[in-house]
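Q: Sequence and predicted structure below; questions after.
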Amino acid sequence: MTSKPRSPSRRDFLRQSLVAVPAVSLLGTSAIAQTQSSTAATPAAAATATKYTPRYFTAPEWDFLQAAVERLIPPNEDGPSAVEAGVPEFLDRQMEAAYGHGGLWYMQGPFVPDAPATLGYQLRYTPREFYRKGIASVDSWCQKQHNQKFSALPAEQRDAILHQMEKGEIQLDDIPAVAFFTQLLANTKEGYFADPMYGGNRQMGGWKMIGFPGARADYADWIEQPGKVYPFGPVSIEGAKS
Amino acid sequence: MTRMKPVDVVLVGFGWTGAIIGMELVDTGLKILALERGAYRDTSPDFTYPHNADELAYGIRGELFQPLARETVTIRHNLNETAVPYRQYGSFLLGNNVGGAGIHWNGQHYRPSPEDLEFHSHISKRYGQKFMPEDMQIQDYGVTYDELEPFLDQFEYLCGTSGRAGNLNGEIKDGGNPFEGVRKREYPNPPVADNYGAKLFADAARSKGYKPFPQPSSNASRPYTNPHGVRLGPCNLCGYCERFGCFMYSKASPQTTILPVLMRKPNFELRTNSHVIKINLDSSGKRATGVTYIDAQGQQVEQPADLVIVSAFQMHNVRLMLMSGIGAPYDPKTGKGVIGKNYAYQMMSNVNVFFDKDVAINPFIGAGSGGNQIIDEFNSDHFDHGPHGFVGGGYILGGQTGGRPIQQLLVPPGTPAWGEKWKRAAKDSYLHTTGVQSHGSVMAYRDRYLDLDPTYKDAFGLPLLRITFDWHDNEYKMTQFLTDRAQEIADAMKPRQTSQTIRKPGGHYDVRQYQTTHTTGGVIQGTSPETSALNRFQQNWDVHNVFVTGASAFPQNLGYNPTGLIGGLTYMSVKAIRETYLKNPGPLVQA
């Protein structure tokens, strides 16, 4: 259904990651130290962020995404920002997946966009179309109101516009602002917390921030020690470790 | 149309109930064919580590779910609305492929309370007919708990269910569920150890005078070999259970309990990519001659069979009966007709429990069901409903099934959904948060039902199933009562903060919020062809060689997860087929 990147064999995984676990603990980088230390992006990560060339999004759309997701999950000492975590790359790659093409949604008409909100998404747009329309609509609104594209506005003003979209206080041309905001926020959090093989959550920064061990998925030894702090940092599906 | 060689038994859909029926009939030597619209799937290579630990693919995009792009349902709140398609997953998650929803369930494995099976009789007797609102149409299953007990037991021993008996041959046991019906023997496996959230919940529940017990779980707590000789491994609490397959061979599924044996039998055949669209009837309309399906090439194929078992998911069973013209379609205006009648659901609420940083919940340590604690004081008719003015109830659960951050990250009430404050709250709360949940019943009502949608079609051009459903006051009262009790326990856990998710009067059924995949009814079993589609053996009243298994048979929904009851009813049904029906095909109950 989804096109899922395949990762190296289990053998490779074991060699790279599980075998390396004792080394991690021997080095004394306990989870507390890891989760409480600053996980802001390194210069290297920032450099990678600029290297990715979007396949689906156009240059103005790419500018919008950087400017928007950076406000949804902003940079600070708690952990990486959405841009530092690679969320725009994640979004672009999702647009190329079956998901982006609407392949996971029932997309037959007739469409009844004014159906009660409680009956769920009823717009005719696939995620690709939704982002294209949504970004153009927000940029056009910003141009009219502020004589600037969204990405050219200062951070406080972008925050204010995102708040207005969230509350449905803005009338956009082609799409309901709330629906577009909801979609953007959901996909941003996906990119921040999904396995790094999808392009976001770089260096597992989203996981490290909260203390989620990622793909470790084996806690048989820990269930009998309720309340004890889990000491290991995350691993990813492709065998990255912290 | 291609006509295949006749078989003795055809199974439509190959999930839990199809696998059980196939296995229980295979030693008769009959030629059994399972038609499954999806593909074959097994632990290896489909659910292996580390690929399985992929929240985006499985938990969010729904790799294991029925692709809605090809077929979904439509939903409306009442008879006057126009239904619109369920375009994205939210409220419930339809299964797909071999194993169906039996792959991505959590393994929460309950028995019904004895009164659940005779609910109408029981409520009328204890509270009087007038206690029920006029449009509530709850019914009896036509089966008593004592009759069903051996079959509930059989399913638990198949699955290697982990738990602790609370009523062993009438003796109430400490640490089990004191409200359960009589159990003839212990669970096959001891409970999975409590996760920390569950432990805190159980301590708080005991301080309020309740009797918490480990949630019965088909996540094996230790290595287990079931009666078919199939071996399950111990659960490692990986935190990837509901919405995921199990890479540990711990979660009971057709693949981990039956298929390794059944697939080798020479008189059993599984044909995948075979989508049944109709049950065919002879000219009398009283006997099925087999089914028609669409094969992998898109061609229609006729498959003759002497016995047709409709063993797909609840919604698909109802749709197939409607498309086949078996039984009178239900009419909500007159209350007459039976197919599509008594669609019901469940109503959940949550109390999220936030602790300070000195309490390490480690929410990622979680099994789908094992390790959580339950109280059952307010389920079924375990308490006097008289003063409360509603029917039904539910259990209250403490603990968590995992801490997958996209879906399961919780932030304290009042936190914005994004920005720096959200980020700080996510960081500060994640490791220190657990939950208390109520899992409530939904009764059946005259205006809540299933039929075929007049507008929307599936990928084959066939009508989608239409759901007409919204909450009734009885359920709002039920959930408020349960949530108040849940909140009291949560408060006794002495957290820093709590928040509630509860459905309140004036709202509507919201398909965007996941609640449960426990949709029920539409081909209900009962005591009379006037009010039910099936007799107590899940045999159609009109067409005796059609049996319909699964939660579509529930006359209303109970407060427990349905799989345990589904398994029990299936074993009872197939025993009657094997021992009585095959010797003398005809109605097993005279109308």
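A: That came through, no problem.
Q: in chain A, which segments are predicted with low confidence?
A: Residues of chain A that meet the criterion pLDDT under 70 lie in A:1-50.
Q: What is the helix or strand where B:Lys423 lies packed up against?
A: Element membership for B:Lys423, per DSSP states H and E: helix B:419-429. Judged by 3 or more Cβ pairs under 8 Å, 6 or more residues apart in numbering or on different chains; DSSP states H and E, the packing partners of helix B:419-429 are helix A:205-210. Just so you know, the C-beta spots here come from the backbone N, C-alpha and C atoms, and that holds for glycine as well.
Q: Show me what the helix it packs on is packed against.
A: Checking 3+ Cβ pairs under 8 Å, 6+ apart, helix A:205-210 ends up next to helix A:31-36, helix A:177-193, helix B:405-408, helix B:419-429.
Q: care to break chain A down by domain?
A: Following automatic domain parsing, one finds the domains of chain A at A:8-37+A:211-242, A:50-207.
Q: With distance to B:Asn177 added, can I get the helices and strands packed on helix A:205-210 in CSV?
A: As requested, the helices and strands packed on helix A:205-210 are exported to CSV (distance: least, Cβ to Cβ, whole Å):
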stretch, distance to B:Asn177
helix A:31-36, 36
helix A:177-193, 36
helix B:405-408, 26
helix B:419-429, 32
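Q: which one of those helices is the most hemmed in?
A: Of all the helices and strands packed on helix A:205-210, helix A:177-193 has the most neighbours on average by mean count of other Cβ atoms under 10 Å in any protein chain shown, namely a mean of 23.
Q: all strands for chain A, in order.
A: Under the criterion DSSP state E, chain A carries no strands.
Q: Can you tell me the centre-most residue of it?
A: In chain A, the residue lying closest to the centroid (Cα atoms, centre = their mean) is A:Gly191, at 2.0 Å.
Q: which residues touch it?
A: Going by Cβ atoms under 8 Å, 6 or more residues apart in numbering or on different chains, A:Gly191 touches A:69, A:82, A:85-91, A:94, A:198-201.
Q: now B:Arg185
A: Listed by Cβ under 8 Å, 6+ apart, the contact partners of B:Arg185 are B:Asp153, B:Ala165, B:Leu168.
Q: Please repeat the previous calculation with a cut-off of 7 Å.
A: Counting by Cβ atoms under 7 Å, 6 or more residues apart in numbering or on different chains, B:Arg185 touches B:Asp153.
Q: rewinding a little: can you tell me which of the contacts of A:Gly191 is nearest chain B?
A: Proximity of the contacts of A:Gly191 to chain B (Cβ to the nearest Cβ) peaks at A:Tyr198, which lies at 6.0 Å.
Q: So which bits of the stretch 301-450 of chain B are right by chain A?
A: Contact residues, the stretch 301-450 of chain B versus chain A (Cβ under 7 Å from any Cβ of the partner chain): B:359-360, B:362, B:364-365, B:371, B:403, B:405-406, B:409, B:417-420, B:423-424, B:426-427, B:430-431.
Q: With adjacent residues omitted, what lies nearest to B:Asp135?
A: With Cβ to Cβ, 6 or more residues apart in numbering or on different chains as the criterion, B:Asp135 has its nearest non-adjacent residue at 4.4 Å, and that residue is B:Arg446.
Q: typo on my end, it should be B:Thr415
A: The nearest residue in space to B:Thr415 (Cβ to Cβ, 6+ apart) is B:Ala425, at 4.2 Å.
Q: swap in B:Ile20?
A: Per Cβ to Cβ, 6+ apart, closest to B:Ile20 is B:Thr570, 4.8 Å.
Q: What of A:Ile223?
A: The shortest distance from A:Ile223 to any non-neighbouring residue, by Cβ to Cβ, 6+ apart, is to B:Ala193 (4.7 Å).
Q: now B:Ala19
A: Leaving aside its chain neighbours, B:Ala19 sits nearest to B:Pro254 (3.8 Å; criterion: Cβ to Cβ, 6+ apart).
Q: Looking at the domains of chain A, which is nearest to B:Gly290?
A: B:Gly290 lies closest, by Cβ to Cβ, to one member of the domains of chain A: domain A:50-207, at 30.2 Å.
Q: among the helices and strands packed on helix A:205-210, which is nearest A:Phe111?
A: Nearest to A:Phe111, of those and by Cβ to Cβ, is helix A:177-193 at 12.8 Å.
Q: what angle do that closest one and helix B:419-429 make?
A: 50 degrees (axes from the mean of the first three to the mean of the last three Cα atoms, to 10 degrees).
Q: List every C-alpha atom in helix A:177-193, with coordinates, as CSV.
A: Extracted in CSV, the C-alpha atoms of helix A:177-193 (Å, rounded to 0.1, in the frame of the first residue of the first chain):
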residue,chain,number,x,y,z
ALA,A,177,-8.0,27.2,6.1
VAL,A,178,-8.7,24.9,9.0
ALA,A,179,-8.5,21.8,6.9
PHE,A,180,-5.2,22.8,5.3
PHE,A,181,-3.7,23.7,8.7
THR,A,182,-4.8,20.4,10.2
GLN,A,183,-3.2,18.5,7.3
LEU,A,184,0.0,20.5,7.5
LEU,A,185,0.3,20.1,11.3
ALA,A,186,-0.4,16.4,11.2
ASN,A,187,2.2,15.7,8.5
THR,A,188,4.7,17.9,10.3
LYS,A,189,4.5,15.9,13.4
GLU,A,190,4.7,12.7,11.3
GLY,A,191,7.9,13.9,9.8
TYR,A,192,9.3,14.9,13.2
PHE,A,193,8.6,11.5,14.8
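Q: I'm done for today, thanks for sticking with me.
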